[in-house]
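In: Below are the sequence and a predicted model; questions follow.
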Amino acid sequence: MRGTKKREIKKKHSNKIPDELGLYLENETLKYKISNEISEKTKTWQVLFNKLKDCTLDCPPIFYEDGVNYIVVNAKKLTFCFTTVSNLSPFYLLELLRSIITLIKDFCGVINEQSIKQNFAMIHEIIDEAIDFGFPQNTQSQTIKKFVCNEPIILQKIPSSQKLFSTKEKKTVSFQATNKSIKNKRKLLQKKKNEEIYIDLIEKIVLQFNDTGEVIRSELNGKIQIKSFLKTPSHLKIGFNKLIIGPQDEKFNYMEGIIIEDCNLHRNCDVSRLDRENIIKIIPPEGEFILMNYRMSGQSVKIPFRIFPIIENISKTMITMKLKIHSDYAEHIYGSSVLVYFKVPDEVISLSYTIDQQKKNEQGSQQVKFDKNQRKVFWKIQKFFGECEKHLFCNLILKSGIENIKKLKSQIGPICMEFEIPSHSSSDIKIKSIKTIPLNNLNKKIKNPIRYKRNITFSKSYFMRL
Amino acid sequence: MSSSRVIKSFRQLLNESKEQSRRRLVIEQIISAMSLGVNLSPLFADMVKAAQTTDLVQKKMIYLYICKYAEENKELLILSTGTFQRDCQSQDPLVRGLSLRSMSSLMNKELVEYMAREIKKGLMDRSNYVRRIAVLATVKLFRVSPELVLDTEIEKKLYSMIAEVDPYVSINSVVALNEILASKGGISITQKIIIHLLKRFHEFTHWGQSIVLGLVANYAPQSEQECLQILNLLDNYLKSGNTSVILSVSKVFINLINDLPNLRNQIYDRIKNPLITLVSCSGDEMAYPVLKHIYLIATQLPNLFANEASRFFIKGSDPTYLQEIKIDILCEIVNKQNFKQIIFALASYVINSSLNEHISSYCIRAIGKIASQLSSYFDMVIDYLMEFIELDIPHIVEASMIILKDVIRLFPEQSLEIVLPELKRLSEIIHTEEAKVSLIWILGEYGEKIDEGPYILEKFVETFSEESSEKIKLELLTSVLKMFFKRPPESKKMLGVILHEATENSNEPDVIDRGLFYYRLIFTDINKTKSIVLSEKENFTRFTENDPLELFEILMDEFNTFSVVYKKPYEQFKRIIHKNEEEEEEEDDDSSTDSSSFSEEELLDQIQQNVNGLDINQQNQSQSQNQQNSQEEQEIELEPKFNLEPSEFQNKWMNSSHNLNFDFELDEELDKDSFEEILKENNFQVMASGLIQSTIKIFCYGKDISNNQIGLFQLLITGVNVKLNAKGTNPQFLKLFAEYIATVLTE
């Protein structure tokens, strides 16, 4: 939302949603309209566009103008918006808007300007079925499918360079594989009765160290996301390692397992057998959905990287600094595009550095850059394998005539890291088994669907204060 | 107007296209153009005519079109009623439902009678899909002519339909009644209805659940027993995957506290954890209103979240709107235990350069606010503020200055000796209006205590005539006068200058006014003036700028609405509409749809191109469709025993008109033999194959039975990467063919 770059704005729905609590719409245009208009003429669009343009800071997702409430959600560079004049629950509308976006994604395969433009007719149809006169009806892809007649026009495949997940592992598939429409008769797959299910374990980690390297804050937010292309209705059984759901109480201390502080679950989800058998059961709806959101904190979060900075010497001309990063995960996996950066005092004018190459064949995989404008040193490591250490020695050269040396030290840092580690989960949650059992057991000959599981850890906020 | 060109070509296409599939494409283009904002209203009559189709896909799109342009074509609407009525009799419930939904959405006065008749029929329909549409159609009917719905059999029928087995029909009836009876306060909530709805709570969609919870929140249980039952039943839904449900349950819980005051803390404890989970797990957009609600709860129960302070610390990736509300929350939940932690965090945001200036000033203000709440820790606050002032970063110094003023007002004795020595240096750094006003106020109030006090003020007086800010001028006048009474010898001259400047050379009426007022005051009675200007100040502990406590009570009543997000009661942001304005507005809208502003030309050209392109595509497609004989299904089935001579293959390979390259990846590596086996199993014929270093090269071909097309291809396989080069005569077929090969191989 920052910057002045002109953005394409899609208004999915400019309707005034009537209040379910009975506050009626006085003098409102009584007609129910969906407009997929991107013309600048509509008032809603104008307000929205101005707001996005004028906001020097990030535009809040909920705001009002002239008594009209706007709910704005961004998805893949597109902006979706609902408006209403009633004082409704913002959560209700946000969830509804998100469901609509998910629906469009399920049907079109991908969400981008092109796919929406090509499928306007179908999207109208979907919204018509999902929301009648502003009242949400059915927003599940699976049930809505039988009411939708238009065929999606599927976009060309995306170049393979845009893949999110590594291809090293045999079991992983490219991320674009999930860019399929749930409703596509032309797909040749159907003939072959090819059924697929993708289970992704995505974790984001928040970590803060103090100057001695102690962890003063650690949090992990994870989600298990499933995308199901199963054609025969089946039970899905996902086996985990030992999970304990509940607040960190004394009574849990003697139990072994991964303690999840709190979570929320998909409505079809059955966790009654989690305690004894470590199994979560669900009859997966078609399309994409989140099985579970969870959070944990404290010692249950495994720390992927430890930072060891040593400021060796501060003189009037130079600061010498040593930085060591230790990776703490399995040897065969690696963090990709690991970025370490820290701020340096305004007085620094240039930088000289040496990188300690542990292995000779790693040439070119590391880069160090000093950005004068931002006053930051960036250290980029392409592949950071587990159980190893990377070193950076740097000399920060100062401009002449500095008196207050003490002040300089306080201006170094914090040291921040950004990374993603495919095939690693910092919570240690593991999907051990995925089983599908068709609902009607008579039809025993059905082939097992192809099951994909993937996991990845992202950094959300990872830094050390000096 | 240029859009007539587009309309003309659409009309032509509509009239010319006889085949269903072709018509379908034309209509699809019309919808597309309509969605892009082109006014296609003139096509109305043609579209109504086209509505007589039996093809459901076309019908749906046409009805969509009719609903969109009905208002502009009122006189033509009557033409469409025949089609609508016929469709309401259809055998297919999908068609019946569609027709009823579209017709009722027209909301046209002329059609009211047709509408009412079909709705009554629809309410009795044997399909629950039609029934649920009919229920909502009553709301639309109500909007057009309330007398046809209110206190009629429809209303009674709706009440009875709440008991229906189908969850959609049931929920829609509740919704419809709520809308229709809005002026009477909505649906009458009886114990019977509540029990019925709660019993089948799990059947409803998330939206249905939220609506039911909205009713329960307004329901007054008749006994404590009942309260507890509701609590226990809904407790599970705090783990729901839907935020709306979680918050609606929270609202029910909070409302029940009135009946169960002794459980107050337990109840809040129950909703605490789910809310915190939502903050971190549900994405930034959702976290925003959740945090706003947490803030509201924190104003009522500061200690509830006190141990969770670290949850509200700012993360690097947080957008600004989350940063602000998090700081607000931290200010609310601060107590003696977490004070150090919170102040330390806030102080670190101030100097953290990755956050923007606005946030760092916001943090400084927050620190000031905390100081006023926890007076015993104020020396720590002042230490931080002094540290910021030493940083020499303009916006931080200026924000700290403003807060210092407030701190001095609250705790003059303790803070003055620390602050006063810094004033001279500060006077040279700060530039913004508010910061200057704060500094001048401090000088006027306490400036006499430092030697250079009057001289700092004098510096400001020197530039008085160049000063553009009225606020600064007014503050300066007052401060100089105060200084005059405390340090007359040094200030006498300065006072003369400033009074002269204010009364003679100023443009601002207020400044002249105050200047003259002081002037006369001094001349009338100098001692009285002194007692007025230097009057004793009352001690105070709370700033009036802080939000009034009553506001939060009102907001608690409006929990789970926009009010909480904006921190304003609904009354304050409600839309006020004057009838005239509304009409004007509508006119404006209309006129703007006609005028061709911005890049309409461009847009039209693009559509024109699409329309033209459609012709060509269409021809190709209809050709292949003729051969195929089937309507739309384009699937590949290969002839099992098809054979080509090597020379023939070579010939075709060299002379093919179309060429397609396609890259994909396999799930796992295979060897050459298994490739050939797979291909043969799927009726491909292998022409030649070989192994060059680690790359497998295969020439292959196949013939599709249904449309007699032959496709040739070459595969280059290295590890899991496959390069496919396919040749043939028809580009569309080639694409399908290539995809087919990819599917066969990746399986």
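Out: Yes, it's here.
In: Regarding the closest residue to B:K239 other than its chain neighbours, which helix or strand does it belong to?
Out: In space, B:K239 comes closest to A:N264 once its chain neighbours are excluded; the distance is 5.2 Å by CB to CB, 6 or more residues apart in numbering or on different chains. The way it works is simple: take the backbone N, C-alpha and C, and place the C-beta from them, glycine included. Assessed by DSSP states H and E, A:N264 sits inside strand A:262-265.
In: ok, back up a step: next, count neighbours for the residue nearest to B:K239.
Out: Per other CB atoms under 10 Å in any protein chain shown, the neighbour tally for A:N264 reads 25.
In: export the helix or strand containing B:F344 as CSV, just CAs?
Out: In this structure, B:F344 sits in helix B:339-351 according to DSSP H and E. Taking Å, rounded to 0.1, in the frame of the first residue of the first chain, the C-alpha atoms of helix B:339-351 are listed here in CSV:
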residue,chain,number,x,y,z
PHE,B,339,6.0,-1.6,33.8
LYS,B,340,9.7,-2.0,33.1
GLN,B,341,9.1,-4.4,30.3
ILE,B,342,6.6,-2.1,28.6
ILE,B,343,8.5,1.1,29.0
PHE,B,344,11.7,-0.6,27.7
ALA,B,345,9.9,-1.9,24.6
LEU,B,346,8.3,1.5,23.9
ALA,B,347,11.7,3.3,24.3
SER,B,348,13.3,0.9,21.9
TYR,B,349,10.6,1.6,19.3
VAL,B,350,11.4,5.3,19.6
ILE,B,351,15.0,4.9,18.6
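In: and that helix, which residues are buried?
Out: Neighbour-count burial for helix B:339-351 flags B:F339, B:Q341, B:I342, B:I343, B:A345, B:L346, B:A347, B:S348, B:Y349, B:V350, B:I351 (criterion: 16 or more other CB atoms under 10 Å in any protein chain shown).
In: And the strands in the stretch 251-400 of chain A, which stretches?
Out: A:258-260, A:262-265, A:279-282, A:287-297, A:305-314, A:318-327, A:334-343, A:348-356, A:366-371, A:376-385, A:389-398 (DSSP state E, counting those that start in this stretch).
In: Dump these to a markdown table, plus mean pLDDT.
Out: Formatted as a markdown table, the strands of the stretch 251-400 of chain A follow (pLDDT from 0 to 100):
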| stretch | mean pLDDT |
| --- | --- |
| strand A:258-260 | 82 |
| strand A:262-265 | 86 |
| strand A:279-282 | 89 |
| strand A:287-297 | 87 |
| strand A:305-314 | 85 |
| strand A:318-327 | 88 |
| strand A:334-343 | 88 |
| strand A:348-356 | 83 |
| strand A:366-371 | 86 |
| strand A:376-385 | 88 |
| strand A:389-398 | 87 |
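In: Mind putting the ones you listed into CSV with distance to B:R23?
Out: Formatted as CSV, the strands of the stretch 251-400 of chain A follow (distance: least, CB to CB, whole Å):
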stretch, distance to B:R23
strand A:258-260, 56
strand A:262-265, 47
strand A:279-282, 43
strand A:287-297, 30
strand A:305-314, 61
strand A:318-327, 62
strand A:334-343, 51
strand A:348-356, 67
strand A:366-371, 59
strand A:376-385, 55
strand A:389-398, 65
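In: The residue most central in space within chain B: what's its closest spatial neighbour, skipping adjacent residues?
Out: Central residue of chain B (CA atoms, centre = their mean): B:E285, 6.8 Å from the mean position. Using CB to CB, 6+ apart and skipping residues adjacent in sequence, the residue nearest B:E285 is A:P61, 4.0 Å away.
In: got it, and A:D132?
Out: That would be B:L136: by CB to CB, 6+ apart, it lies 5.1 Å from A:D132.
In: Now for the one you found, how many residues are close by?
Out: Residues near B:L136, counting by other CB under 10 Å, number 26.
In: Give the next helix or strand downstream of the helix or strand it falls within.
Out: When elements are defined using DSSP H and E, B:L136 is found to belong to helix B:128-144. Following helix B:128-144 in sequence order, the next helix or strand is helix B:153-161 (DSSP H and E).
In: quick one on the thing from earlier: now the strand holding A:N264, how far from the centre of its chain.
Out: With CA atoms, centre = their mean, to the nearest Å as the basis, strand A:262-265 stands 17 Å off its chain's centre.
In: can you check stretch B:712-729 too?
Out: Centroid displacement of stretch B:712-729 relative to its chain, using CA atoms, centre = their mean, is 46 Å.
In: Mind checking what secondary structure the residue of the stretch 401-550 of chain B found nearest chain A has?
Out: Distance from chain A to each residue of the stretch 401-550 of chain B (CB to the nearest CB) is smallest for B:R425, at 15.1 Å. Following DSSP: H, G, I helix; E, B strand; the rest coil, the label given to B:R425 is helix.
In: how close does it get to B:S438?
Out: 15 Å (CB to CB, to the nearest Å).
In: Settle it for me: which of the two has more neighbours?
Out: Comparing B:R425 with B:S438 by other CB under 10 Å, the one with more neighbours is B:S438, at 23 against 12.
In: what's the closest of the strands of the stretch 251-400 of chain A to B:F201?
Out: Nearest of the strands of the stretch 251-400 of chain A to B:F201, taken as CB to CB: strand A:262-265 at 15.9 Å.
In: ok, and what's touching that closest one?
Out: A:245, A:247, A:271, A:291-295, B:239-241, B:246, B:273-274, B:276-278, B:281 (CB atoms under 8 Å, 6 or more residues apart in numbering or on different chains).
In: Just these: which are in helices?
Out: Using DSSP state H, the members of the contacts of strand A:262-265 that fall in helices are B:I246, B:N273, B:P274, B:I276, B:T277, B:L278, B:C281.
In: near chain A, which of those show up?
Out: Applying CB under 8 Å from any CB of the partner chain, the subset of these adjacent to chain A comprises B:I246, B:N273, B:P274, B:I276, B:T277, B:L278, B:C281.
In: My guess is the last one contacts A:R295. True?
Out: Yes. Counting by CB atoms under 8 Å, B:C281 touches A:R295, with 5.8 Å between them.
In: Between these two, which contacts overlap?
Out: When contacts are counted by CB under 8 Å, 6+ apart, B:C281 and A:R295 are jointly contacted by A:N221, A:G222.
In: So those two - more neighbours on which side?
Out: With neighbours defined as other CB under 10 Å, B:C281 and A:R295 compare such that A:R295 has more, 26 against 22.
In: what sits against the more buried one?
Out: By CB under 8 Å, 6+ apart, A:R295 lies in contact with A:E219, A:L220, A:N221, A:G222, A:I260, A:E261, A:D262, A:C263, B:I276, B:T277, B:S280, B:C281.
In: which pair in those spans the largest distance?
Out: Greatest spacing in the contacts of A:R295, by CB to CB: A:G222 and B:I276 (14.8 Å).
In: Neighbour count for those two, which is higher?
Out: Taking other CB under 10 Å, A:G222 and B:I276 do not tie; A:G222 has more neighbours (25 against 19).
In: Now look at the helix or strand the more buried one falls within and say if it contacts chain B.
Out: Assigned by DSSP H and E, A:G222 belongs to strand A:215-228. Yes. Strand A:215-228 reaches chain B (CB under 8 Å from any CB) through A:R217, A:E219, A:N221, A:G222, A:K223.
In: For chain B, which segments are assigned as strands?
Out: Taking DSSP state E, the strands of chain B run over residues B:658-665, B:685-692, B:695-703, B:710-718, B:721-728.
In: Among these, which comes closest to chain A?
Out: Chain A sits nearest to strand B:658-665 of all the strands of chain B, at 6.4 Å, using CB to the nearest CB.
In: how distant is the closest one from the center of its chain?
Out: 41 Å.
In: Sheet partners, orientation included, of that strand?
Out: Here strand B:658-665 is paired, per DSSP bridges, with strand B:721-728 (antiparallel).
In: for the partner strand, which positions count as buried?
Out: So strand B:721-728, judged by 16+ other CB under 10 Å, has buried residues B:V722, B:L724, B:N725, B:A726, B:K727, B:G728.
In: worst average pLDDT in the strands of chain B?
Out: Mean pLDDT per stretch puts strand B:658-665 lowest among these, at a mean of 74.
In: who touches B:F713 in this structure?
Out: Applying CB under 8 Å, 6+ apart, the residues near B:F713 are B:F699, B:C700, B:Y701, B:L724, B:N725, B:A726, B:K727, B:F737, B:A738, B:I741.
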